[in-house]
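1. Curious how this folds, go ahead:
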Amino acid sequence: MKSHLLLLFISMAFSVEFPENEKNPDYWRYQAQDTLKHALSLEKLNKNVAKNLIMFLGDGMGIATVTAARILKGQLQHHPGEETRLEMDKFPHVALAKTYNTNAQVPDSAGTATAYLCGVKANEGTVGVNAAAVRSMCNTTKGNEVTSILRWAKDAGKSVGIVTTTRVNHATPSAAYAHSVDRDWFSDNEMTSEARGQGCKDIALQLIENIPDIEVIMGGGRKYMLPKDTLDIEYPNKTKTNGTRLDGRNLIEEWKTGKQGKRAQYVWNRQQLFGINTATTDYLMGLFEPGDLVYELNRDKLSDPSLQEMVDVAIQMLKKNPKGFFLLVEGGRIDHGHHEGKAKQALHEAVEMDNAISKADTLTSTNDTLTVVTADHSHVFTIGGYTPRGNPIFGLAPMLSDIDKKPFTSILYGNGPGFKMVNGSRENVSTVDIVHDNYLAQSAVPLRQETHGGEDVAIFAKGPMAHLLHGVHEQNYIPHVMAYAACIGLNKDHCEKDALPGKASSPQKAAGSILLSILIVKLLL
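-> Just a heads-up that it's a prediction; the model follows:
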């Protein structure tokens, strides 16, 4: 009992007394009036044509994760945390997205990626194909392919880029360029012999072949680009990092060969990345790990770039195009941290993505750049326990359980690897280091991997036509709004011929064009 009380005392000691001015009701009245004044200023909607499009995707970044990341970011700056504003919190337009897949109530990252990138809801486990395609069945691919907003932007003459903290052929980025009935076909090594025999292509190969002129590709995934048993340049003594390809192809070298005569650079570490001249480099491939990138908390800051740094380089390169650009940025390891029950890893990944959003803000203008921040799905992650103001986000609730008389942390999971019984009862968290980077937060149900959550996720938007993200939407609505704003894809005919990026187009003409398109489609059905 003494150890329990000591742990509770320590947790309470680290909580922060709320600011004195918050005791004055005028503080809250003035704050609300300032917010109201800002809201009224939004009556003048930004109807410009978007020259640039940026999508930030926090994989697994449900609303509880956003809240916890906000508190963490504030506490890292020595504030209580709750009152902190994330960069995404500053976006003027917010909506909710329904995340279900066509065949799943609680979705996966592949079917959702197809929705928010290709504008079509799809089955779980599939990328870049519609719901008629069946997972792992190669022969259901042909005829069911759907293209993404990255392709639409490229076809419109814009530069395009992909930046991720996962492997570049993981679920989220792959939906931007690939058409695969199985998200796990990273290389041909992961495919069945039947699928290979039927002519299906692995995702790494599709990255090189489907849209060969993607200007910026940054993330992990080196081993899927190299022949089987090829030693990794960074980890030559680790067998698990060796190349995986059965076809003997070196896709990195093929990418280089395809860029001969063009100003292209391939890099695999931070020093090389910062050694390139973005003004004189038109194509960049950066593969910084054999698989996914290292968690931000464990990142070697000398050799591994941060998400913020990759975004900086990407925008500097892409913005040279006078027609603008589309950039997909994924904070992909938020999801991995949650799956592993490592809330501290997940939340630091979310904070780093918010830092990347801030960096993008300094390099662009809301006059001509539509930025959307959203998530593919949530997790069964929660914060609670009646914690006091400023309680450490990774700390304890201020009471013992009234059932087993043991302390518990504010952060818990509904299921996952954090379930542990000791002598027939719940583990006493006073006996473990709950603030360790890899601490497994307790869960109600034992699973090797924690699962996704099924609730809606937030959409934050700013820039041209951001107000079109305004309520509760199907997730596949998102790329249609972005395409509409930029006059690309299905929506490119609605814009006035003389409308320039950063200038307003006619919404009346746009509405008429869309209605006409819908009527034509119905007549053809």
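
2. Is residue 164 located within a strand, as I assumed?
-> Yes. Counting by DSSP: H, G, I helix; E, B strand; the rest coil, residue 164 falls inside a strand.

3. okay but it is in contact with residue 329, surely?
-> Yes. With contact defined as C-beta atoms under 8 Å, residue 164 and residue 329 form a contacting pair (7.5 Å). Backbone N, C-alpha and C define where each C-beta goes, glycine included.

4. so what's the backbone phi/psi at residue 329?
-> Residue 329 adopts backbone torsions of phi -120, psi 120, taken as degrees, to the nearest 10.

5. Do you have the helices of the stretch 201-350 of the chain handy? List them.
-> Secondary structure of the stretch 201-350 of the chain by DSSP state H, counting those that start in this stretch: the helices cover 203-209, 251-258, 270-275, 307-318, 333-339, 343-363.

6. Of the ones you listed, which is nearest residue 458?
-> Taking C-beta to C-beta, helix 343-363 is the member of the helices of the stretch 201-350 of the chain nearest to residue 458, at 12.3 Å.

7. who are the neighbours of the very next helix or strand once past the closest one, in terms of helices and strands?
-> Toward the C-terminus, helix 343-363 is succeeded by strand 369-375 as the next helix or strand (DSSP states H and E). Counting contacts by 3 or more C-beta pairs under 8 Å, 6 or more residues apart in numbering; DSSP states H and E, strand 369-375 packs against strand 52-58, helix 343-363, strand 457-462, helix 477-486.

8. tell me the angle of the second one relative to strand 369-375?
-> Taking axes from the mean of the first three to the mean of the last three C-alpha atoms, to 10 degrees, helix 343-363 and strand 369-375 form an angle of 170 degrees between their directions.

9. follow-up on the earlier one: mind putting the helices of the stretch 201-350 of the chain into a markdown table with distance to residue 121, mean neighbour count and mean pLDDT?
-> Shown next, in a markdown table, are those (distance: least, C-beta to C-beta, whole Å; neighbours: other C-beta atoms under 10 Å; pLDDT from 0 to 100):
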| stretch | distance to residue 121 | mean neighbour count | mean pLDDT |
| --- | --- | --- | --- |
| helix 203-209 | 20 | 24 | 98 |
| helix 251-258 | 31 | 16 | 98 |
| helix 270-275 | 36 | 15 | 98 |
| helix 307-318 | 28 | 23 | 98 |
| helix 333-339 | 20 | 27 | 98 |
| helix 343-363 | 25 | 23 | 98 |
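
10. export those to a markdown table and tack on distance to residue 219?
-> Formatted as a markdown table, the helices of the stretch 201-350 of the chain follow (distance: least, C-beta to C-beta, whole Å):
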| stretch | distance to residue 219 |
| --- | --- |
| helix 203-209 | 10 |
| helix 251-258 | 13 |
| helix 270-275 | 12 |
| helix 307-318 | 8 |
| helix 333-339 | 11 |
| helix 343-363 | 13 |
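
11. Looking at those helices, which is nearest to residue 296?
-> It's helix 343-363; of these, that one is closest to residue 296 (C-beta to C-beta) at 4.6 Å.

12. ok and that closest one relative to helix 307-318, angle-wise?
-> Inter-element angle recorded for helix 343-363 and helix 307-318: 30 degrees (by the same axes, to 10 degrees).

13. Helix 343-363 packs against which elements?
-> Under the contact definition 3+ C-beta pairs under 8 Å, 6+ apart, helix 343-363 sits against strand 52-58, helix 63-76, helix 307-318, strand 325-331, helix 333-339, strand 369-375.

14. For the ones you listed, give me CSV that also has distance to residue 439.
-> Output for the helices and strands packed on helix 343-363, formatted as CSV (distance: least, C-beta to C-beta, whole Å):
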stretch, distance to residue 439
strand 52-58, 22
helix 63-76, 14
helix 307-318, 23
strand 325-331, 21
helix 333-339, 11
strand 369-375, 23
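
15. can you tell which of these is closest to residue 358?
-> Taking those one by one with C-beta to C-beta, helix 307-318 is closest: 7.8 Å.

16. counting contacts, what elements does that closest one pack onto?
-> Helix 307-318 is packed against strand 159-167, strand 216-220, helix 270-275, strand 283-287, strand 325-331, helix 343-363, with contacts defined by 3+ C-beta pairs under 8 Å, 6+ apart.

17. Save these as TSV, and put in distance to residue 107 too.
-> Formatted as TSV, the helices and strands packed on helix 307-318 follow (distance: least, C-beta to C-beta, whole Å):
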stretch	distance to residue 107
strand 159-167	17
strand 216-220	22
helix 270-275	33
strand 283-287	28
strand 325-331	16
helix 343-363	18
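
18. which regions of the stretch 401-525 of the chain sit below the pLDDT cut-off?
-> The stretch 401-525 of the chain contains residues with pLDDT under 70 at 492, 494, 496-525.

19. The helices and strands packed on helix 307-318: which one's closest to residue 480?
-> It's strand 325-331; of these, that one is closest to residue 480 (C-beta to C-beta) at 14.1 Å.

20. Between the helices of the stretch 201-350 of the chain, which one is closest to residue 122.
-> The nearest among the helices of the stretch 201-350 of the chain, by C-beta to C-beta, is helix 203-209 at 15.2 Å.

21. Run a quick check on residue 468 versus residue 481, I expect a contact.
-> Yes. Between residue 468 and residue 481 there is a contact under C-beta under 8 Å: 4.7 Å.

22. phi, psi of the residue nearest to residue 123 when sequence neighbours are not counted?
-> Ranked by C-beta to C-beta, 6 or more residues apart in numbering and with sequence neighbours excluded, the top spatial neighbour of residue 123 is residue 103, at 4.7 Å. Note on residue 103: backbone dihedrals following degrees, to the nearest 10 are phi -120, psi 20.
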